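J.: 3D model of this:
(chains A, B and C)
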Amino acid sequence: MEKILAGWESLCASSSTLRFVDINLRSTGQVMFQDNPLTGILFLAAIAWGSYAAGVPHVAIAGVLALVVANLTALWLRVDRTALHAGLFGYNGILVGLALATFLSPNALLWVYVVIGGAVSAIAMLGTANAVKPLGLSSLTFPFVLTTWLLLLATYGFSGLVGTALPTGNVVAAFHSYEASPLKLMDLVQGVLQSISQVFLKASAVAALLLVIGLAVNSPAAAAFAIAGAIVAVLTAHLFGAESELITGGLLGFSPVLTAIALGAVFYQTNWRVAIYALLGTVVTVIAQAALNVALTPFAIPALTAPFVLVTWIFLLPRQCFEPAAAGTDDAVKARATR
Amino acid sequence: MEKILAGWESLCASSSTLRFVDINLRSTGQVMFQDNPLTGILFLAAIAWGSYAAGVPHVAIAGVLALVVANLTALWLRVDRTALHAGLFGYNGILVGLALATFLSPNALLWVYVVIGGAVSAIAMLGTANAVKPLGLSSLTFPFVLTTWLLLLATYGFSGLVGTALPTGNVVAAFHSYEASPLKLMDLVQGVLQSISQVFLKASAVAALLLVIGLAVNSPAAAAFAIAGAIVAVLTAHLFGAESELITGGLLGFSPVLTAIALGAVFYQTNWRVAIYALLGTVVTVIAQAALNVALTPFAIPALTAPFVLVTWIFLLPRQCFEPAAAGTDDAVKARATR
Amino acid sequence: MEKILAGWESLCASSSTLRFVDINLRSTGQVMFQDNPLTGILFLAAIAWGSYAAGVPHVAIAGVLALVVANLTALWLRVDRTALHAGLFGYNGILVGLALATFLSPNALLWVYVVIGGAVSAIAMLGTANAVKPLGLSSLTFPFVLTTWLLLLATYGFSGLVGTALPTGNVVAAFHSYEASPLKLMDLVQGVLQSISQVFLKASAVAALLLVIGLAVNSPAAAAFAIAGAIVAVLTAHLFGAESELITGGLLGFSPVLTAIALGAVFYQTNWRVAIYALLGTVVTVIAQAALNVALTPFAIPALTAPFVLVTWIFLLPRQCFEPAAAGTDDAVKARATR
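T.: Numbering: from 1, shown residues only, chains lettered A, B, ... in the order given. The predicted structure follows:
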């Protein structure tokens, strides 16, 4: 595989078109911190399959469109080449496109929205990176969350854009308590898989497997922490008595999966102490997910990956307590420096 | 005009009373980034006319009172002289006074509120400037937004202060979709003018013209970007199908007008690339305005200029991508350094 | 008393168990900025009495448990010794424990929550300190507020954790105006005392007296500003026509009390100019308390000490305007440097 990647890299070096393709593939991989075009292809396959299986192929197209627009915007802004080539200006874009097409009806204005969203995601990425670098932090998916929240909130004031998956009518927050049902093994497995696929807003076991493979080809540790994070998330949510449908659908697990990868296998040098820290961070992300679900009810917008961003930032700020991930051992890690 | 301003400046240098008048005039001009006492007089005329025409002369008085209190507070705090003389400690104050008197019933406690608001706006200005300077940002009207939001929110807990323009009773956010009506030329013109006058919370074509003249005497570019921003805002809002009344009333356009001036004619060196960037920023500010209108519904407070602050900060953070406005060519620009 | 403290200190130096006890006592004192184990004992007595008198002894136990967990977590994180020994990693923990047990029903999961909350409070403390140190700020009780808000919000998504003191069912924000009743002297006294005891979430005059004594043994100025702050808060709230029950119960006064101590006796060198500044800050904190009470209604969570954190940060950012508290005169002040 090393040979294939080396060959591909030399092709990219000689063709600006292939380089741009490479940038977009790496951007896709960067959603889960992987600076690897092969990972990107597998992730794209997961998105394509998940969208096709759910009968919404335009969602995948919107994701790719916003991804391309984001990287073109970054080019126009003349951003740092190393960061651009590592895919750091596109991963928010693809998420913006997927989210907009998932939550809004497909019409002409949706595509205007996707283009605007892709462009703004790149600007917000650079802005966020500038803002949090003095704190030693990375942007994570904050640009995606910010851009998508603004665009989704605004649809309630725009008759040209209509939500499909968004709640409509009065959004009175109804704080009911409910009974949690017992955990079955099949539900656990489904919850774990969909927690992984929901990172790309998909509820699909096949997509989840493609994503895990995509992680494994670049970083076995990342794949392991993704699976472990999903298991921890499902068990934690069940322990606290969260709604079974949310757990099984992976809707309480996708942010914790990202937290587990980030804390366990990307930003800190993996060891037992870090693993315990990542475990606590994963548990807290489940709590933050439930908290943000409640907090956003009056606004009728989804939490997206905000719980991951919030908790991972809190857990990355005390960075003097752990060894940073060794530079040089991993492309993704090097890229992290600028992210 | 240069001669008049030079004569006035020498008068101010010899009289601390005139200097204080000058500071307050410049503060008024700084609401739209103009460090020029003549601009300030024209802006004050716009405020006075707008208040008088709407039958609420006390609103203009509240604005001036809060302005004076803000500058006196800044004096008491012994702030940096250059920034004080450029009017950077008063522009938030006048907006606080105008907003409080616009949204609350006139009674004795309103005036207590106006005094407190003016004083706090100066403290918040210095605090914000200290907080965002490391990021290369200016405070914009964040101190105004923060101070006014706190004061307005608190009135729901204080029986002594009653809202007039604020929604009362249950504020269940009602997310309805509605039909947008076709755009007529007269509505466009009215929407453009009121988008400009609403920067000072006024719905008045006369006030808008005074404001544009006030801009033009100090910076023709700023006047041009204000008008262009208003046109873009009205067209964008119409494209997305926003409510016609909001568009025509200028309520979706005042923040975009400020964004257009800030990005196009104040912080970056004006050229085509910057103009395109400012155009995108203006469009995004319309979206952010609609978004914040929705997000603030549960709290029953107005968005004020928060959309401008949010989007302009996002678009100013990637400052390495554009040439900063040349220092020395413009008083306002020099002042920006400390703002 | 100096001798007793010196003797205790030499005992602590020779026993790691006693040192840990000392850390936890100082942590308790740090809730009101006092780095003194005797203050801590008096504060603990206030908490114990307040919990016992209200028939909820488990609340005091939860506070102490979270306190110990927070300090153990800080030890595990290998934080800076000086800050740890000054109690700076525990004061948020004790507040988290008290708040969780006050607002949630006592069951097995509550204790899981208390342990998680204590641990997260220490991580959030270190993270906040890293984030705000470049701005010259201290963490104040932000880590407590953040941690507790997340944990409380999440309970609406977890059937295993049920609120007792939290509102349930639909939380439609009802913005009614109401009549304020005349102020009676007894109500004033009760409001002042409970404003002080509510810092530890207690409505108890005895607890308030113990707290004031605890302050006075370490810093008479802090005790004076606490009482003055409580009086100012009660009078301000009454002037603006706040609900009498809230005033008398101390629920509008505990944040202003902390602001008064912080601005008047901890961070700035006490003098008349600072006293006036602290007075304004205290008044604004009352307004911020009313504002946040309204703003948090849709989320059905309490404001906790967020008004104190918000206003004190705003008033500490313009630090160039005042002399910082002299280092060396006061242990608490030295500790502030790292806080």
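
J.: OK, contacts around A:Val286?
T.: A:Val286 makes contacts with A:232-233, A:236-237, A:240, A:242, A:252-253, A:256, as judged by CB atoms under 8 Å, 6 or more residues apart in numbering or on different chains. (C-beta placed from N, C-alpha, C; glycine too.)

J.: mind listing which of these are in helices?
T.: Taking DSSP state H as the definition of helices, these contribute A:232-233, A:236-237, A:256.

J.: which one of the contacts of A:Val286 is nearest chain C?
T.: Nearest to chain C out of the contacts of A:Val286 is A:Phe240 (CB to the nearest CB; 3.9 Å).

J.: surely that closest one and C:Leu151 touch.
T.: No. At 10.4 Å, A:Phe240 and C:Leu151 do not qualify as touching, with contact defined as CB atoms under 8 Å.

J.: more neighbours, those two?
T.: When A:Phe240 is set against C:Leu151 and neighbours are counted by other CB atoms under 10 Å in any protein chain shown, the residue ahead is C:Leu151, at 27 against 23.

J.: and the closest residue in space to the more buried one that isn't next to it in sequence, how many neighbours?
T.: In this structure, C:Leu151 finds its nearest non-sequential neighbour in C:Gly117, 5.5 Å apart by CB to CB, 6 or more residues apart in numbering or on different chains. Neighbour count for C:Gly117, taken as other CB under 10 Å: 31.

J.: quick one: least confident helix or strand in chain A?
T.: Here the helix or strand of chain A ranked lowest by mean pLDDT, DSSP states H and E is strand A:169-170, holding a mean of 42.

J.: what does the stretch 51-200 of chain A put close to chain B?
T.: With CB under 8 Å from any CB of the partner chain as the criterion, the stretch 51-200 of chain A comes near chain B at residues A:77-79, A:109, A:112, A:116, A:119-120, A:123-124, A:126-128, A:130-131, A:134, A:146, A:149-154, A:156-162, A:167-172.

J.: of the residues you listed, buried ones?
T.: Buried members of those, scored by 16 or more other CB atoms under 10 Å in any protein chain shown, are A:77, A:79, A:109, A:116, A:119-120, A:123-124, A:126-128, A:130-131, A:146, A:149-154, A:156-162, A:171-172.

J.: buried residues, stretch A:49-61. List them.
T.: Neighbour counts over stretch A:49-61 (16+ other CB under 10 Å) mark A:49-51, A:54, A:56, A:59-61 as buried.

J.: sketch out the low-pLDDT regions of chain A for me.
T.: Counting by pLDDT under 70, chain A has low-confidence residues at A:165-183, A:326-339.

J.: domain ranges for it?
T.: What automatic domain parsing lists as the domains of chain A is A:11-166, A:171-331.

J.: chain center to the shortest one: distance?
T.: Going back to what we said before, that points to domain A:11-166. Remark: domain A:11-166 is offset 10 Å from the chain centroid, using CA atoms, centre = their mean, to the nearest Å.

J.: the last one now?
T.: In terms of CA atoms, centre = their mean, the gap separating the centre of domain A:171-331 from the centre of its chain is 10 Å.

J.: ok, the spatially closest residue to A:Pro256 that is not a sequence neighbour - contacts?
T.: Distances taken as CB to CB, 6+ apart place A:Ala233 nearest to A:Pro256, at 3.7 Å, with adjacent residues excluded. If you count contacts by CB under 8 Å, 6+ apart, A:Ala233 has them with A:195, A:252-253, A:256-257, A:282, A:285-286.

J.: what ranges does chain A have for its strands?
T.: A:169-170, A:174-175 (DSSP state E).

J.: residues of the stretch 201-339 of chain A that sit close to chain C?
T.: Counting by CB under 8 Å from any CB, the positions of the stretch 201-339 of chain A adjacent to chain C are A:239-243, A:246, A:280, A:283-284, A:287-288, A:290-295, A:298, A:313-321.

J.: again, only using 7 Å
T.: Taking CB under 7 Å from any CB of the partner chain, the part of the stretch 201-339 of chain A that reaches chain C is made up of A:240-242, A:280, A:283-284, A:287-288, A:290-291, A:293-295, A:298, A:314-315, A:317-318, A:321.

J.: buried ones among those?
T.: So, by 16+ other CB under 10 Å, the buried ones in those are A:240-242, A:280, A:283-284, A:287-288, A:290-291, A:293-295, A:298, A:314-315, A:317-318, A:321.

J.: just give the closest residue to the residue of the stretch 1-150 of chain A found nearest chain C, not the sequence neighbours.
T.: Proximity to chain C, evaluated over the stretch 1-150 of chain A using CB to the nearest CB, is greatest for A:Leu135 at 5.7 Å. Nearest residue to A:Leu135, sequence neighbours excluded (CB to CB, 6+ apart): C:Ala131, at 5.7 Å.

J.: same question for A:Leu67.
T.: Nearest residue to A:Leu67, sequence neighbours excluded (CB to CB, 6+ apart): A:Ile94, at 4.0 Å.

J.: repeat that for A:Trp8.
T.: Nearest to A:Trp8 is A:Pro37, by CB to CB, 6+ apart, at 6.4 Å.

J.: for C:Leu25, see how far away that neighbour is.
T.: Using CB to CB, to the nearest Å, A:Pro37 is found at 58 Å from C:Leu25.

J.: could you do A:Leu100 as well?
T.: Distance of A:Leu100 to C:Leu25, computed by CB to CB: 54 Å.

J.: how many other residues sit next to A:Leu75?
T.: Count around A:Leu75 with other CB under 10 Å applied: 15.

J.: and the helices in the stretch 201-339 of chain A?
T.: For the stretch 201-339 of chain A, applying DSSP state H, counting those that start in this stretch gives helices covering A:205-218, A:220-239, A:244-248, A:254-261, A:272-295, A:306-316, A:331-338.

J.: and the fourth one, what other elements does it pack with?
T.: I take that to be helix A:254-261. helix A:185-197, helix A:220-239, helix A:272-295, helix A:306-316 (3 or more CB pairs under 7 Å, 6 or more residues apart in numbering or on different chains; DSSP states H and E).
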